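In: predicted model follows, preceded by the sequence.
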Amino acid sequence: MKRALVVGIGVVCFKMALLHHGLDSVVWGGSTGRPAADMEPTLLDPVVVTGTRLEVPLRETPSAITVIDRQEIESRQATDVLELLRTVPGMSVTQTGSRGGLTTIFPRGGEEDFNLVLIDGVPVNDAGGFFDFSDLTTENIERIEVIRGPQSALYGANAMGAVIQIFTRRGRGPLGADVSLTGGSFDTFEGHATVSGGTDRFGSSLGFGYLTTSGFLKLNNDYRNTTASASIDYRPFSPLQFAFSARYSDSRFEFPTEVGGDRLGPLDPEQFQERQRWLLSLRGTHALTGWWEQVLLLGLSQVDVLSKDPFNPPVDTTSRRTERDEQRLFANYTWNFLLPEFRSTATTLSVGAEFQEEDLDQRAVIGASTTVLHPSRSSKGYYAQALLNWRKQATLIAGVRVEDSTTFGLDTNPRLSASFIVPPLQTKLRGGFGTGIRAPSFRENFGTGSPLVVGNPALKPEQSISWEIGVDQPLLAGQLVLSATYFENTFEDLITFVSGATPSFLNIQGAESSGIEAGVQALLPWKLRLSGSYTFLETKVTDDGGVGGTLFTRGQPLLRRPRHQGSVGLTYLGDRATIGVVANVVGDAIDRDFSQRGSPRVTLAGHTKVDLAASYVLAQNVWGLKTLRLHGKIENLLDEAYEQAFGFSAPGISVRGGIAAGF
């Protein structure tokens, strides 16, 4: 029975992809702050900002964008952002082991450090683009926008494969609060509380979340996370407004696994990592006239990491302790000009400048040896963008950005994209071309302080060249939306570590990827909504740099990028009850077996993971409560045994449930 259900779900997902070729530009419902069970399923045309830094209806944008709104977050009962990103076309999510384990995302076959991650416009990546999604929760998040393809013409370095922007919930409407308590398998406990409200002039929101779990491994697998988030909006008078947001998280992950995972090596009883993240963002917008607007965005992001591995033979050969504090100061200033309409064409010209300063304070103690690093670097970006819209039917976006870095010097990246809506079926044809760059990391530029790992301050940024074409087709008066995107990427000047060389890092490798992103979303009778996505991906190493080895092998596919993957979801949004099931289907991929000499390439078997979430409103407007509801979720419903990284077991079936109250 189990096998038949798995095969059935996989066949449904695959057929939906072949028949419909669809999902990259649709959002379900709106965020109203009400419980998900109170919301009607709707298809909206939301306003998005990530693709242009301007407010543009999604229907008119020429890029492949996915929007995840608050309704979807609540109906899926998603605590971690990574859960939501698994269903985004073109994004391959990999988590090593249990909750809290290292989590990376490969966009369209690119590397794990090709995603620019923004929170309210401020970058939060490590220097060089890497970001671990394991401790990023959905606390107080309004929506997530994911735009795929290189976006360096607008966002500069690290926007080489995709931009993932997270927006904090803003305070609107009457003051309200929501509190929930949840418990379940693996000694899991979660507590969440939000308060929000506002007027036309002032609004604010505050969210707090705490979770703890013992993990599914029997030794040293505890994980905890505390997150607080706040926003304040103030409009002293109509042309001027300010938006402030802050976010803090504190996590601790105890992991017994070494590089080979729990299946292939002995377990470590004391290894752990603690991480604190800070974010401050302040945006000021002032309309100087009806056609001239200025926007100033200031930000501070910081991550403090303590990694400790005491000496425990035979697992360890020595003790290790690393303290890493990384900080980024950020400022962006933009002028937006709404030019006079000409021949039914509205034109918005944006010009801007951006400044970033990155600093690292690192101290590593390995046995009796201590190394200390204090590097810093800065960059400036100057960009211009023209957005032309003809009768809300055709859109053309042209932009260019010049990056000036203290490490790699000058680099220029263009972007051109266009879309046209064909009547009478309202078919949207779209396409685009662009380039992207990834700046070297601190380790690649400055080494680790060890003579065995020597940095290279002369490194060039990694480069990507990409083009795509796509189509979006609404049917049945917008009740059904299909879309598809074909893309090709070329990655050049990839940085690799060369053992024994001085310096240790060189721009000597290359790769390419291509594929199709497809999906469908539909509103069905009986308050049901259906969603499906499918990604076909091909990757190939075009230049191994003469290094050899199994990591980057000429002519072979890149690691941990499944050729086939997809998802299918069905959700019922009733007056009191919400029930949703999501199946993620991941095909075979290539990985390495680190327990064997030379780390040979192996096949990482595909898998299907099914999650079921449900909630029910017990009472409304009684006992001083707006709502009182029960909620529950079963993850890995079929108890599938699988690995996202070779050697790292994934959790089996787990159940959690609780109660929530709205005030």
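Out: That came in fine, so what should we check first?
In: list the residues that contact residue 286.
Out: Contacts of residue 286 were listed using CB atoms under 8 Å, 6 or more residues apart in numbering, and they are 239-240, 293-295. C-betas here are computed from N, CA, C, even on glycine.
In: ok, it to residue 333 distance?
Out: Residue 286 sits 11 Å away from residue 333, taking CB to CB, to the nearest Å as the criterion.
In: again with residue 193
Out: Computed as CB to CB, the residue 193 to residue 333 distance reads 36 Å.
In: and residue 557, by the same measure?
Out: With distances taken as CB to CB, residue 557 is found 43 Å from residue 333.
In: likewise residue 641?
Out: 53 Å.
In: the two - which one has more neighbours?
Out: Legend: neighbour count by other CB atoms under 10 Å for residue 641 and residue 333, higher for residue 333 (15 against 11).
In: mind checking pLDDT for that one?
Out: At residue 333, the model reports a pLDDT of 98.
In: and if you look at residue 527?
Out: 93.
In: that one: how many residues sit nearby?
Out: The number of residues packed around residue 527, counting by other CB under 10 Å, is 16.
In: that one and residue 574 touch, don't they?
Out: Yes: the criterion here is CB atoms under 8 Å, and residue 527 meets it with residue 574 at 5.6 Å.
In: buried set for the one helix or strand residue 245 maps to?
Out: Under the criterion DSSP states H and E, the helix or strand holding residue 245 is strand 240-254. In terms of neighbour count (16 or more other CB atoms under 10 Å), strand 240-254 has its buried residues at 241, 243-247, 249-254.
In: same question, stretch 382-399
Out: Of the residues in stretch 382-399, those buried by neighbour count under the rule 16+ other CB under 10 Å are 383, 385-389, 394-397, 399.
In: do the same with stretch 625-642
Out: Applying a neighbour-count criterion of 16+ other CB under 10 Å, one finds 626-629, 631-638, 642 buried in stretch 625-642.
In: residue 119 pairs with what?
Out: According to DSSP bridges, the partner residues bridging residue 119 are residue 122, residue 166.
In: I figured it hits residue 248, correct?
Out: No: look at residue 119 against residue 248 with CB under 8 Å: they stay out of range, at 11.5 Å.
In: what sits in contact with each of the two?
Out: Once CB under 8 Å, 6+ apart is applied, the residues that residue 119 and residue 248 both contact turn out to be residue 279.
In: now do the helices in the stretch 151-300 of the chain.
Out: Shown for the stretch 151-300 of the chain, the helices assigned by DSSP state H, counting those that start in this stretch span residues 152-155.
In: low-confidence regions, it specifically.
Out: By pLDDT under 70, the stretch 151-300 of the chain has no low-scoring segment.
In: before we move on, back to that, now which of the contacts of residue 286 would you call buried?
Out: When neighbours are counted using 16+ other CB under 10 Å, the contacts of residue 286 contain these buried positions: 293, 295.
In: between the buried residues of stretch 625-642, which sits nearest residue 261?
Out: For the buried residues of stretch 625-642, the residue nearest residue 261 by CB to CB is residue 642; the value is 12.7 Å.
In: next up, the contacts around that closest one.
Out: Each residue near residue 642 by CB under 8 Å, 6+ apart is listed here: 605, 607, 609, 650.
In: is residue 496 in a bridge, and if so with what?
Out: Residue 496 has the following beta-bridge partners by DSSP bridges: residue 506.
In: and it, how far from residue 508?
Out: 6 Å.
In: what do those two both touch?
Out: Taking CB under 8 Å, 6+ apart as the contact rule, residue 496 and residue 508 both touch 545, 547.
In: just checking, residue 339 touches residue 350?
Out: No: with contact defined as CB under 8 Å, residue 339 and residue 350 do not form a contacting pair (11.2 Å).
In: mind checking which of these two has more residues around it?
Out: Using other CB under 10 Å as the criterion, residue 339 and residue 350 rank with residue 350 on top: 20 against 13.
In: I'd like the buried residues of strand 240-254 as a markdown table, with distance to residue 265 appended.
Out: A markdown table is the format used below for the buried residues of strand 240-254 (distance: CB to CB, whole Å):
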| residue | distance to residue 265 |
| --- | --- |
| 241 | 55 |
| 243 | 48 |
| 244 | 47 |
| 245 | 42 |
| 246 | 41 |
| 247 | 36 |
| 249 | 30 |
| 250 | 29 |
| 251 | 24 |
| 252 | 23 |
| 253 | 18 |
| 254 | 17 |
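In: of all these, which two lie farthest apart?
Out: Farthest-apart pair in the buried residues of strand 240-254 is 241 and 254; separation 44.3 Å (CB to CB).
In: what about the helices in the protein?
Out: Taking DSSP state H as the test, the helices found in the chain are 2-20, 70-75, 81-85, 152-155, 442-446.
In: what mean pLDDT does the first one have?
Out: Confidence for helix 2-20, expressed as mean pLDDT, is 35.
In: what is the burial count for residue 575?
Out: Other residues within reach of residue 575, judged by other CB under 10 Å, total 11.
In: then residue 358?
Out: Around residue 358 sit 24 other residues, with neighbours defined as other CB under 10 Å.
In: my read is that it contacts residue 378, right?
Out: Yes: shown here, residue 358 and residue 378 form a contact pair, counting by CB under 8 Å, at 7.2 Å.
In: what lies in contact with stretch 603-613?
Out: Around stretch 603-613, the neighbours that count as contacts under CB under 8 Å, 6+ apart are 6, 9-10, 75-77, 560, 562, 564, 578-591, 631-638, 640, 642-643, 645-646, 650.
In: name the residues of it that are buried.
Out: Going through stretch 603-613 with 16+ other CB under 10 Å, the ones that come out buried are 604, 606-613.
In: reformat the residues you listed as CSV; add distance to residue 178 and pLDDT.
Out: Formatted as CSV, the buried residues of stretch 603-613 follow (distance: CB to CB, whole Å; pLDDT from 0 to 100):
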residue, distance to residue 178, pLDDT
604, 40, 96
606, 38, 97
607, 34, 97
608, 33, 98
609, 28, 98
610, 27, 98
611, 22, 98
612, 22, 98
613, 17, 98
